[in-house]
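Chemist: Structure of the sequence below:
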Amino acid sequence: MGRLSRLRPDQVGEDIRSLFETFLRERGNIPNMFRTAAHRPEILSTMLAHFRAVMGPGTVPVALKEMLSGHLSPRSCLGSFLKPRESAIFAWDDPLPGLLDLPLFAWTAGRRLICG
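Modeler: The predicted structure is shown next:
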């Protein structure tokens, strides 16, 4: 167990709690290094400024930075550049509408293959 505890949002002051809420909105979690640095709010604010400078928009795309940091999987990153591989007309729980629209789906898929 570490010497410094990781503070929860209910254990910090109002100013730090707003930073934690921003992290939850942007990233979906609060990184442990920020939860630990919350013991010293002046250090946390400089860490946050550095983190935003490094991980924010810049020369390297943000998605690549997220992938290299381990927050985004390579499959998810590459999948965001591809066109959807599924059609909205097919649903596993109700296959009949999909089967009725199969000729339209085949024509659309063929057009995508030919036109790019």
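
Chemist: so where's the protein uncertain?
Modeler: Along the chain, the parts satisfying pLDDT under 70 run over 1-2, 71-74, 76-99, 116.

Chemist: what ranges do the helices span in it?
Modeler: 14-27, 32-37, 41-55, 62-69, 74-79, 95-100, 102-115 (DSSP state H).

Chemist: quick one: buried residues of stretch 8-24?
Modeler: Residues 9, 12, 16-17, 19-20, 23 are the ones in stretch 8-24 that count as buried (16 or more other CB atoms under 10 Å). All C-beta spots, glycine's among them, are computed from the backbone N, C-alpha and C.

Chemist: Most tightly packed of the helices of the chain?
Modeler: Per-stretch averages of neighbours, counted by mean count of other CB atoms under 10 Å, single out helix 32-37 among these, with a mean of 17.

Chemist: Show me the contact partners of it.
Modeler: 2, 4-8, 19-20, 23, 43-44, 47-48, 51 (CB atoms under 8 Å, 6 or more residues apart in numbering).

Chemist: what do you get if the cut-off is 7 Å, keeping everything else the same?
Modeler: By CB atoms under 7 Å, 6 or more residues apart in numbering, the residues outside helix 32-37 that reach it are 4, 6-7, 23, 43-44, 47.

Chemist: Which pair of the buried residues of stretch 8-24 spans the longest distance?
Modeler: Spatial extent of those (CB to CB) is set by the pair Val12 and Phe23 at 12.0 Å.

Chemist: coming back round to it: among the contacts of helix 32-37, which one sits closest to Pro31?
Modeler: Distance to Pro31, by CB to CB, is smallest for Phe23 among these, at 7.2 Å.

Chemist: If anything else comes up later, I'll come back, but that's it for now.
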